[in-house]
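A.B. asks: okay, here's the prediction I keep looking at, along with the sequence it came from:
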Amino acid sequence: MSGATKTVLVTGFGPFPGMTHNPTLDLVRALHGREVNGVRFVATELPVSYRRGPEVALASIQAHRADAVLGFGVSKGLTRPQVETCGRWVPEGRVDIEGQTATLLDGDLADAELCVPATWPAGPLAAALGVSTSDDAGTYVCNAWLYQVASKAKVPAGFVHVPESGADPDAVAEAVAKALPSTLLA
């Protein structure tokens with residue numbers, strides 16, 4: 001990697017109904033402060049809220065002057081991490097920690113198939129992690145995060161679902177450094 005150190009903001013969610021311990025917090029806390037191959041990691045904990053989760057992520061990008069952002073969420077059905085390719089317009093989801101079901105995503109029924117693509121290329125990140133990609137980030141706050149952050153952030157934004165068992169921070173750090181978007185390498 002050439003040039004100056006790049007700052008990557010990694011976000012993880014707090015607990016939510018049905019998940020009293022969110023493994024994404026362990027992951028991003030383990031990454032916070034690391035520097036690997038010219039990538040410095042900073043972490044932010046997000047509330048599992050359709051409104052505040054994306055808002056906190058977007059504010060943290062500015063506060064940390066991040067060059068890129070990578071969100072992490074947990075998916076109970078996974079056995080390995082999975083890189084999400086897009087956030088879909090979904091008007092309602094499960095109840096968040098604030099009691100909301102409205103996802104607060106811009107759109108209407110005409111946008112039901114709207115997919116906001118991750119701006120951090122999913123293919124190279126998935127290859128570096130040795131995992132697959134998915135075009136279904138679900139209908140909960142993770143999807144809302146990807147939809148909002150990918151459409152509003154001025155930096156590359158991607159999202160990775162991890163299993164309940166979590167993910168290896170060392171492997172994630174190496175993969176992220178290897179798969180930085182090419183726009184950051186110039």
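C.D. replies: That came through fine. Note that this is a predicted model, so its numbers are computed, not measured. Numbering: from 1, shown residues only.
A.B. asks: contacting residues around the nearest residue to V10 once chain neighbours are set aside?
C.D. replies: Computed as CB to CB, 6 or more residues apart in numbering, the closest residue to V10 that is not its neighbour in sequence is V28, at 4.5 Å. Bear in mind the C-beta positions are built from the backbone N, C-alpha and C, glycine included. Contact analysis of V28 by CB atoms under 8 Å, 6 or more residues apart in numbering lists V10, T11, G12, A43, T44, E45, F72.
A.B. asks: burial count for the third one?
C.D. replies: This points to G12. 25 (other CB atoms under 10 Å).
A.B. asks: the last one now?
C.D. replies: Using other CB under 10 Å, the number of residues around F72 comes to 28.
A.B. asks: and for the second one?
C.D. replies: Applying the criterion other CB under 10 Å, we find 27 residues in the vicinity of T11.
A.B. asks: do the same with the first one
C.D. replies: Taking other CB under 10 Å as the neighbour definition, V10 ends up with a count of 28.
A.B. asks: tell me which element V28 falls in.
C.D. replies: When elements are assigned from DSSP states H and E, V28 belongs to helix 23-31.
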